[in-house]
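**Student:** Sequence unavailable; structure follows:
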């Protein structure tokens, strides 16, 4: 069964450093997402991406965040200057279509900012 | 506004006992409701969705529009059911977003 894959599984970075989290969505999916889960809190929507552009973003997704689909398979989340409060599990997800379609999640990338 | 409420943060049941994880939602249109499960150190996985009306791993959930609920039920809990369970909502007005509840951690006691 195809899966969404994410790398790295865990990254520790110093405050102020740039971080890139990588994702390979399921190959025939057209919509891509990033979600975040701070330890002990709920899963929060960050951004959705379709047709090479952001389709929606939440208040969390401020100017320090960016997403990119650099080639036909990867989907990346960049955090330009990490803050302590960016420490969280970041989930990439993808779906075939829009509302009501099942979203498939990757295993997550655990980011620790020190 | 779309809201998903899971009132129980923690739930413990004995093996073989029935289990019900509560989910209530607030949505002005016709929602699509989902249950996702996250086993220890694993990804979020779709458990079931209301439109498919299927039973997965013995779990069922019925959408009750009158009570705006989508409670997850299983008649006989198993130890391997211990996990974090998230109720999620999607709909025409939410675009591509899923709105997740805060999750319920289920522990099945042997």
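**Tutor:** Right, received. Where do you want to start? Note that this is a predicted model, so its numbers are computed, not measured.
**Student:** From now on I want contacts and neighbour counts done on CA atoms only, so please keep to that.
**Tutor:** Fine.
**Student:** Stretch A:103-114 vs chain B: in contact?
**Tutor:** Yes. Stretch A:103-114 lies within reach of chain B by CA under 8 Å from any CA of the partner chain, at A:103, A:104, A:105, A:106, A:107, A:108.
**Student:** Could I get the buried residue list for that stretch?
**Tutor:** Residues A:103, A:104, A:105, A:106, A:107, A:108, A:109, A:110, A:111, A:112, A:113 are the ones in stretch A:103-114 that count as buried (16 or more other CA atoms under 10 Å in any protein chain shown).
**Student:** Name the surrounding residues that touch the helix-or-strand element of chain B with minimal mean pLDDT.
**Tutor:** Ranked by mean pLDDT, DSSP states H and E, the weakest helix or strand in chain B is strand B:99-100, scoring a mean of 85. By CA atoms under 8 Å, 6 or more residues apart in numbering or on different chains, the residues outside strand B:99-100 that reach it are A:42, A:43, A:44, A:45, B:2, B:3, B:4, B:86, B:87, B:88, B:89, B:90.
**Student:** what sits against the second one?
**Tutor:** If I follow you right, that is residue A:43. A:35, A:36, A:37, B:100, B:101, B:102 are the contacts of residue A:43 under CA under 8 Å, 6+ apart.
**Student:** helix, strand or coil for the residue in chain A that chain B sits nearest to?
**Tutor:** Proximity of chain A to chain B (CA to the nearest CA) peaks at residue A:107, 4.0 Å away. At residue A:107 the chain is in coil, as set by DSSP: H, G, I helix; E, B strand; the rest coil.
**Student:** Repeat that for residue B:80.
**Tutor:** Reduced to three states by three-state DSSP, residue B:80 is helix.
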